[in-house]
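Let's see this in three dimensions:
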Amino acid sequence: MEKHMTMAAVNRSQTERLSKALVLLMAISCGLTVANLYYNQPLLAEIGKTFDVDARHAGLISMLTQSGYAAGMFLFIPLGDIKERRTLISLLLLAVGVALIGVATAQSLPWIYAASFAVGLTTVAPQMIIPLAAQLAGPQERGRVIGNVMSGLLIGILLARTVSGWIGELFGWRSMYGLAALMMVALAFVLWRALPVSRPDVQLSYPGLIRSMGTLIAEQRLLREAALIGLFMFGSFSVFWTTLTFYLEGPNYGYGSGVAGLFGLVGLAGAAAASIIGRLADRVNPGTMVGVMIGAALLSYLSLGLMGSRLAGLIVGVILLDLGVQGGQVSNQTRIYSLIPEARSRLNTVFMVSTFIGGAIGSSIGSLAWGQWGWTGVCWTGGGMALIAFFIWSGHRLPRR
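Have a look, this model is predicted:
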C-alpha cells in the first residue's frame, strides 16, 4: 500500500514538473537547435560557388556536420545519466553558438569543413532534452510526450531548409549562420531559467559510463535492432535531402535555393504526424509501427524514382519519406526508453549515434550517386537503404515466430 502511494506521489510530482508549457518549450528548443545541422543543405550549391568547388566537395560539408553530431552524441550525451542535465544543455548551446560563428566567418574550404564538424559536435542538446522529457513523463503518457517533443525537433529539421533557403537567397548563406548563433545564445539563457534541475540516478565514472554502453548493446537485442534500423532509415533520408538542391537547380526544374528550401514545408505533414504516431505507440505495438513506417519510406522512393520529374510526384515522395523516417524514429525511441529507465541517456546515445552515422553515410554516398548516376542513382541508393532497414526489421521477427 505504501509503495503504491509513493509511486502515485512520484507520478504527481512528474506531472507538476512537466506542464504543457514546458513540453512546448522543449519541443521548440529541440527544433531550433537541431536546425543547425540542416541549414547547409539548401545552401550547398551557393557555398560551393563561394569556394569554387563541385557538388561532391560541397556535399562533404553536410557529411562532416552529421559526422560531428554522431561524435558529439557519443562523447556528451551519456553524461546525462551522471551529471545535471540543465547545466549540460545550457553549456552545449553556448558552445554551438561559437561554432556557428566559425561557419559564418569561414574563409577557406578546410575552415568551413572544420567549423561544420564543430557545429555537429556541439548540436547535441536535443538528445539530452528528449530523455529528460521521457524521465519527467509518466509511463502512461511517455509515448505522447516523446511524440510531441519529437514533432518540434522534426519540424525544426524541415523548416531549417526553408528558412535557410530564403535567407540564403536574400542575404547570403553567411547571414543564416550569424542569425543561428544569436538564437543559440538566447536559448541557452531561456532554458537555464525554465528547465527543472535533473539529478542523475547513476553513480559511474565517465570511462565506466562509456563501457556500459557496450554492455547495453550486447545485452539488449531490441536496442541493436532499433539502432540498425535507425542507421539505414536516416541514411535513406539524408541521401534525398543532400541531393535535392542539386536536382532542383538542374535543368529539369531550374529552381533556386529559396524554392529548394520550400520543400521543407512539404515535409511538415510527415513531421506533424510524429505526435500522432507517439500516441499510437502508447496503444499499438511500436514494433509494428516501425514496420509500417519503413513501408512508407519505400513507397516514397517508388514515387521519387518513377514520378520525381513531375512536381506532384516529388511532393508525394517528400511527404511519405518524412512520415516514414520520422515516424519510425519516434516508434523506435518509445521502444528503447522502456528498456532500462536509469540508462535512458545511454540508450538514446547508442540509438542516435547509429542513426547519424547513417545520416553521414547517406550524405556522402548520396552526393557520390548524384555525381555518377544523377537522380536515378539517388533513388536507387536511398531506396536500397530503406530496403535494408526492412530486412533488418522483418529478420528480427522471424525467430520470435
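
Can you tell me the SS state at Arg199?
coil (DSSP: H, G, I helix; E, B strand; the rest coil).

Please apply the same query to Pro251.
The assignment at Pro251 comes out as coil when based on three-state DSSP.

What separation do you get for it and His57?
Here the criterion is C-beta to C-beta, to the nearest Å. By it, Pro251 lies 21 Å from His57. In this view, the C-beta of every residue, glycine as well, is placed from N, C-alpha and C.

Tell me how far the closest residue to Leu18 other than its chain neighbours lies from Thr334.
Leaving aside its chain neighbours, Leu18 sits nearest to Leu136 (4.0 Å; criterion: C-beta to C-beta, 6 or more residues apart in numbering). Note on Leu136: its distance to Thr334, by C-beta to C-beta, is 15 Å.

Compare the two and say which is more crowded by neighbours.
Ranked by neighbour count (other C-beta atoms under 10 Å), Leu136 and Thr334 place Thr334 first, with 26 against 22.

My guess is the more buried one contacts Val284. True?
No. Judged on C-beta atoms under 8 Å, Thr334 makes no contact with Val284 at a distance of 10.4 Å.

what about Pro251 and His57, which has more around it?
Neighbours per residue (other C-beta under 10 Å) separate Pro251 from His57, with His57 holding more: 16 against 5.

who are the neighbours in contact with that one?
48, 51, 109 (C-beta atoms under 8 Å, 6 or more residues apart in numbering).

same thing but at 10 Å, please
If you count contacts by C-beta atoms under 10 Å, 6 or more residues apart in numbering, His57 has them with 44, 47-48, 51, 109, 113, 367.

any idea how far Val23 is from Ala104?
32 Å.

what do you get for Arg335?
Applying C-beta to C-beta to Arg335 and Ala104 gives a distance of 39 Å.

Looking at those two, which is more packed in?
Shown here are Arg335 and Ala104; by other C-beta under 10 Å, Arg335 has more neighbours (22 against 19).

what's the pLDDT at the nearest residue to that one once chain neighbours are set aside?
In space, and not counting its chain neighbours, Arg335 is closest to Pro286: 4.8 Å by C-beta to C-beta, 6+ apart. Looking at Pro286, its pLDDT is 77.

same deal with Asn148?
Listed pLDDT for Asn148 reads 80.

so for the biggest helix by length in the chain, what's the average pLDDT?
Among the segments of the chain that qualify as a helix by DSSP state H, the longest is helix 344-395. The average of the pLDDT scores along helix 344-395 is 90.

Over to stretch 304-315?
The average pLDDT within stretch 304-315 is 91.

The stretch 201-350 of the chain: helices as residue ranges?
Taking DSSP state H, counting those that start in this stretch as the criterion, the stretch 201-350 of the chain carries its helices at 206-219, 221-248, 257-266, 268-283, 286-307, 311-337, 344-395.
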